[in-house]
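>>> give me a 3D structure for the following:
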Amino acid sequence: MPVSDEPFSMVRVVVGVIALLGTVLSVILAIVTGDLRMLELVGALWAIYGLMVAFLSGVLEPAIEGFFQLMGNFGLVRMGGGYSSIETLAARGHYQAAADEYAERARNHAERVDATLRRAELLAGPLQEPETAAVELDALRSTPLSSKDDFRVGLALIGLHEHQLNDPGRAMTELRRLIDRYPASARRLRVALRELKAQRYGGTPSS
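Residues are numbered from 1 along each chain as shown. From the prediction side, this is the model:
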């Protein structure tokens, strides 16, 4: 039974009793006084009763039931933002569980970039699955991204190919892509590209 049924049922009963008593009294007065205008009060009383019942049943009860349903579901809805619980898992050494949680959060379009980047850090680091991290970052980059997110994903891929996958060629390719696409950051990226070339081919990076 909905929470609001019992109290409003009582209200309907009370209003109905008042309307009934008023009807009886109006009929008696009309008979005693001979004034048929008393019968007009009967119509007014039952009109008020009908309006009251319609308001309670059609407006007030649904509104209150909806409010209680909302309050009951409020604590069951996971609020967005924040990764503290997942970070706690990782800090306790539960890396796979944390990575799985990040994968679940990445299903949310608003969180997919942050969650995938954080998952890639775990895969490339303690879970020792840099290939999987690279594949997931490449898949993420194949979807529409903002310039900021594309830059972040590109930098993450550069780090993966340079350090974990020992593939400086792929790292240089990604660096060149970022240089071409984001000229405002080209100077810093060119320094990194020269350093990569020096590591691969030997010699000292030129300034």
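>>> how is the chain carved up into domains?
5-74, 93-201 (automatic domain parsing).
>>> could you pull up the residues touching the residue nearest to Glu111 when sequence neighbours are not counted?
Counting by CB to CB, 6 or more residues apart in numbering, Arg105 is the residue found nearest to Glu111 once chain neighbours are left out, at 5.0 Å. Backbone N, C-alpha and C define where each C-beta goes, glycine included. Listed by CB atoms under 8 Å, 6 or more residues apart in numbering, the contact partners of Arg105 are Tyr83, Ile86, Glu111, Ala115.
>>> try Asp35
Leu29.
>>> and it, how far is that from Gly22?
The gap separating Asp35 from Gly22 is 16 Å, by CB to CB, to the nearest Å.
>>> by mean pLDDT, flag the weakest helix or strand of the protein.
Lowest by mean pLDDT, DSSP states H and E among the helices and strands of the chain is helix 61-74, with a mean of 52.
>>> on that earlier part again, hey, least reliable of the domains of the chain by pLDDT?
Mean pLDDT is lowest for domain 5-74 out of the domains of the chain, coming in at a mean of 66.
>>> can you map out the helices along this protein?
For the chain, the helices defined by DSSP state H cover 5-33, 38-55, 61-74, 84-91, 95-105, 112-124, 130-141, 147-159, 168-181, 186-201.
>>> winner for burial among the ones you listed?
Highest mean neighbour count of these: helix 112-124, a mean of 21 (counted as mean count of other CB atoms under 10 Å).
>>> which outside residues touch it?
Contacts for helix 112-124 (CB under 8 Å, 6+ apart): 83, 86, 90, 95, 98-99, 102-103, 105-106, 108, 129-130, 132-133, 136-137, 140, 145, 149, 152-153, 156, 160, 164.
>>> then that helix to CSV, C-alphas only?
Extracted C-alpha coordinates of helix 112-124, given in CSV (Å, rounded to 0.1, in the frame of the first residue of the first chain):
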residue,chain,number,x,y,z
ARG,A,112,35.8,7.4,-20.8
VAL,A,113,39.0,9.4,-21.4
ASP,A,114,40.0,9.8,-17.7
ALA,A,115,39.0,6.3,-16.8
THR,A,116,40.8,4.8,-19.8
LEU,A,117,44.0,6.7,-19.1
ARG,A,118,44.0,5.7,-15.5
ARG,A,119,43.4,2.1,-16.5
ALA,A,120,46.2,2.3,-19.0
GLU,A,121,48.6,3.3,-16.2
LEU,A,122,47.7,0.2,-14.3
LEU,A,123,48.0,-2.0,-17.3
ALA,A,124,51.3,-0.6,-18.3
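>>> and the angle for it with helix 147-159?
On the basis of axes from the mean of the first three to the mean of the last three CA atoms, to 10 degrees, helix 112-124 is oriented at 10 degrees to helix 147-159.
>>> redo the contacts of Arg105 as TSV? Include distance to Arg187.
Output for the contacts of Arg105, formatted as TSV (distance: CB to CB, whole Å):
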residue	distance to Arg187
Tyr83	32
Ile86	36
Glu111	32
Ala115	31
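>>> quick one, phi psi at Gly93?
When read as degrees, to the nearest 10, the backbone of Gly93 gives phi 90, psi 10.
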